[in-house]
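Trainee: structure for this input, please:
(2 chains)
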Number of protein chains: 2
Amino acid sequence: MSAFAIQLPYLLFLGNEESAPNAKTAFGLRDWRPDACVAQWRLSAKTVDLGLPDMHAKSAKQAGAKSLLIGVAPFGGAIDAAWIAPLKEAIEAGLDIVSGMHTRLESIDELRIAAEKAGTQLINVRHPRQTFPVGTGVKRSGKRLLTVGTDCALGKKYTALALTKALNAAGHDATFRATGQTGIMISGSGIAIDAIVSDFIAGAAELLSPNNADTHWDIVEGQGSLLHPAYAGVSLGLLHGSQPDVIVLCHDTRRTEIDRHPNFKIPDLEHVIDLNITLGRRTNPNLRCAAISLNTYKMSEQERVDALGSTQLRYGLPTFDPFVSDLKPIVKAIAG
Amino acid sequence: MSAFAIQLPYLLFLGNEESAPNAKTAFGLRDWRPDACVAQWRLSAKTVDLGLPDMHAKSAKQAGAKSLLIGVAPFGGAIDAAWIAPLKEAIEAGLDIVSGMHTRLESIDELRIAAEKAGTQLINVRHPRQTFPVGTGVKRSGKRLLTVGTDCALGKKYTALALTKALNAAGHDATFRATGQTGIMISGSGIAIDAIVSDFIAGAAELLSPNNADTHWDIVEGQGSLLHPAYAGVSLGLLHGSQPDVIVLCHDTRRTEIDRHPNFKIPDLEHVIDLNITLGRRTNPNLRCAAISLNTYKMSEQERVDALGSTQLRYGLPTFDPFVSDLKPIVKAIAG
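Mentor: Modelled structure (predicted):
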């Protein structure tokens, strides 16, 4: 799907990002590919800390890093002016740059020229290297699960990765299908769905999870939310094109409104599930919601138990946190 | 919004398209800018007929045409191989080429080289010449109407154009906002919303109808349908970003399934209205459906009266055909 020749391992670049949700790319890499993360590079003491050794470009290169990975994704996907000098330094130290930003690395003259001189690669994971077909709506063989959310950045990718692992561990045949830059960096393939020209969103989603064996599960990483004032179109195209048999709703009980959009309240989860099911059944009439995935990061044990228990009770659906819960009952609720 | 220096009038190129809905660009130009249409160019006798004089490139140039406009939009938006020779002929005759296709004209070597040689323009209306912001969801001043549909190609643009005209005629201040290639060709500005990178659909729609006087109406041309397996994401992004106060549902009572997608039935209109209102109220809680626009093209007078009457009775909403109905009551239902 996307033939990127990414060289591992990474130096994770965090810029001067102080918000952990905006550094989800870096956290994702650290958690899902610890073997591929040599160090972190933070521009200030206030910058998010992944708990990895702090290194600059040169020391990371000496420690074995082959690529600098931009591990933060600020709102809008543009490259911060303050990053240009350190990125240039990394190129000059001989590192490839791997980016999931909307702005192409080579559009910045200083980086393009430095990379040409150093003979290193500028890799834009978010920019597809192929064209995509228009969606057909034709039903495909095999089983599919899509993680959907009440907002961005609250666990759709982590949930999909954890469920893929748990399904395979239980003897099912499951494949993680990445739809965002971090997922692609972790899994090595996929389609950055939010970078697709909008006419082709559903078509790209169809291509991402092709016909497969009847018992095979594609676990598709969700994007955005049908509730999000900026990204709902992406979420709907992905829902239609993925044709999921099962959705898992991802939520954080502490989040009552869309992040950075305080006027957009998150309604009762039943409404969100109904909305996804109503719209999703347009391309797969058998769609059902199998479980709720809660992000309980930094909750106390008691808060976590309460959140999981009360959500499960209220909606009558198995409720779990992919980081801490036993996933065997969830696998059973999904695949029987 | 899109600063295209299109030179009028046009020679309308129809290729060998036999389906009138696929030639909606050409019909739109003929109907809404008859002053800008010198002739049509059809590659075979079976090709759709606009009722304009048939001319080749050279004769059209002699008759005063300045640009050849590609008036057909086949599924997927690619340029047919059979068109390349006639398009080259037009360039050599000194005509600019204006295209609303996804494929850029200059990506075809023969056309690019011919245009460079002849010094004529290759204009890709569908390709935005600017970048767009992420949607904010922040409410804007002024009134907005969005035409929504049960499918593609059944009158959303015509309805928006007719309502703009009728609102202005009734003394309101109204502006047509084009979201597709034909609309842009007709009105001279706008944003081809289906060509936007999907993360920015809602943001582009916000930009298209900026803050305005409280009594001003933006009449936004709808795209696709929430029911469409390929294009629903575009429709939802446009609905969210437009923040309409009023939607007008466009339908053709003879169409019972999505064109070219026979497994996708068109449900009861009440369901379609509810779906648009439920989703649209996320960014404008005051959204209401004011009327239903029926495409009664080629119906007998009796069929038309029956279709309009039965639809109005069934849904309790003023129902009209923008080509034949008196629009005064519709303007009243929209703007009071």
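
Trainee: using CSV, list the CA coordinates for the lowest-mean-pLDDT helix or strand in chain A.
Mentor: Across the helices and strands of chain A, mean pLDDT, DSSP states H and E gives its lowest value to helix A:181-187, namely a mean of 85. Extracted in CSV, the C-alpha atoms of helix A:181-187 (Å, rounded to 0.1, in the frame of the first residue of the first chain):
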residue,chain,number,x,y,z
GLN,A,181,1.2,8.1,10.4
THR,A,182,2.0,6.5,13.7
GLY,A,183,0.3,3.3,12.8
ILE,A,184,2.2,3.2,9.5
MET,A,185,5.5,3.9,11.3
ILE,A,186,4.7,1.0,13.7
SER,A,187,3.5,-1.5,11.3
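
Trainee: mind listing what's buried in it?
Mentor: A:181-187 (16 or more other Cβ atoms under 10 Å in any protein chain shown). Quick note: C-beta positions are derived from backbone N, CA and C, even for glycine.

Trainee: ok, now stretch A:108-127?
Mentor: A:108, A:111, A:114-115, A:118, A:120-127.

Trainee: repeat for stretch A:205-225
Mentor: Buried-residue list, stretch A:205-225, by 16+ other Cβ under 10 Å: A:205-209, A:212, A:216-225.

Trainee: so which of those are in helices?
Mentor: Under the assignment DSSP state H, these contribute A:205-208 to helices.

Trainee: next one: the closest residue to residue A:49 other than its chain neighbours, what pLDDT does it get?
Mentor: The shortest distance from residue A:49 to any non-neighbouring residue, by Cβ to Cβ, 6 or more residues apart in numbering or on different chains, is to residue A:42 (7.1 Å). At residue A:42, the predicted lDDT confidence score is 97.

Trainee: could you report the distance from the residue of chain A most remote from its centre to chain B?
Mentor: With distances taken as Cα atoms, centre = their mean, the residue sitting farthest from the centre of chain A turns out to be residue A:117, at 32.9 Å. For residue A:117, the distance to chain B equals 28 Å [Cβ to the nearest Cβ, to the nearest Å].

Trainee: any idea how far the residue of the stretch 51-200 of chain A found nearest chain B lies from residue B:93?
Mentor: Of all residues in the stretch 51-200 of chain A, residue A:137 sits closest to chain B, at 2.9 Å by Cβ to the nearest Cβ. In this view, residue A:137 and residue B:93 are 42 Å apart by Cβ to Cβ, to the nearest Å.

Trainee: give me the pLDDT value at the residue farthest from the centre of chain A.
Mentor: 97.

Trainee: helix or strand for it, which one?
Mentor: If you go by DSSP states H and E, residue A:117 is part of helix A:109-118.

Trainee: strand partners (parallel or antiparallel) of the very next helix or strand once past that helix?
Mentor: Per DSSP H and E, the first helix or strand lying C-terminal to helix A:109-118 is strand A:122-124. Using DSSP bridges, the strands paired with strand A:122-124 are strand A:96-99 (parallel).

Trainee: what lies in contact with the strand it pairs with?
Mentor: A:6-7, A:10, A:66-70, A:79, A:87, A:90-91, A:105, A:111, A:115, A:120-126, A:181, A:185 (Cβ atoms under 8 Å, 6 or more residues apart in numbering or on different chains).

Trainee: how about the contacts made by the most centrally placed residue in chain A?
Mentor: Compute the mean C-alpha point of chain A, and by Cα atoms, centre = their mean the closest residue is residue A:157, 4.2 Å away. Listed by Cβ under 8 Å, 6+ apart, the contact partners of residue A:157 are A:24, A:28, A:147, A:178, A:180, A:182-183, A:221-222.

Trainee: now do residue A:297
Mentor: A:252, A:323.

Trainee: for it, helix, strand, or coil?
Mentor: Residue A:297 falls in the coil class when you classify it by DSSP: H, G, I helix; E, B strand; the rest coil.

Trainee: tell me the backbone dihedrals of it, please.
Mentor: phi -50, psi 130 (degrees, to the nearest 10).

Trainee: now the helix or strand encompassing residue A:163: mean pLDDT?
Mentor: Here residue A:163, judged by DSSP H and E, is contained in helix A:156-169. Average pLDDT, helix A:156-169: 97.

Trainee: pull the CA atoms of that helix into PDB?
Mentor: The C-alpha trace of helix A:156-169 is given here as PDB (Å, rounded to 0.1, in the frame of the first residue of the first chain):
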ATOM      1  CA  LYS A 156      -8.300   4.200  18.700                       C
ATOM      2  CA  LYS A 157      -4.900   3.100  17.400                       C
ATOM      3  CA  TYR A 158      -3.800   1.500  20.700                       C
ATOM      4  CA  THR A 159      -7.100  -0.400  21.000                       C
ATOM      5  CA  ALA A 160      -6.700  -1.700  17.400                       C
ATOM      6  CA  LEU A 161      -3.100  -2.800  18.000                       C
ATOM      7  CA  ALA A 162      -4.000  -4.500  21.300                       C
ATOM      8  CA  LEU A 163      -7.000  -6.300  19.800                       C
ATOM      9  CA  THR A 164      -4.900  -7.500  16.900                       C
ATOM     10  CA  LYS A 165      -2.300  -8.900  19.300                       C
ATOM     11  CA  ALA A 166      -5.100 -10.500  21.500                       C
ATOM     12  CA  LEU A 167      -6.900 -12.000  18.600                       C
ATOM     13  CA  ASN A 168      -3.800 -13.600  17.200                       C
ATOM     14  CA  ALA A 169      -2.800 -14.800  20.700                       C
END
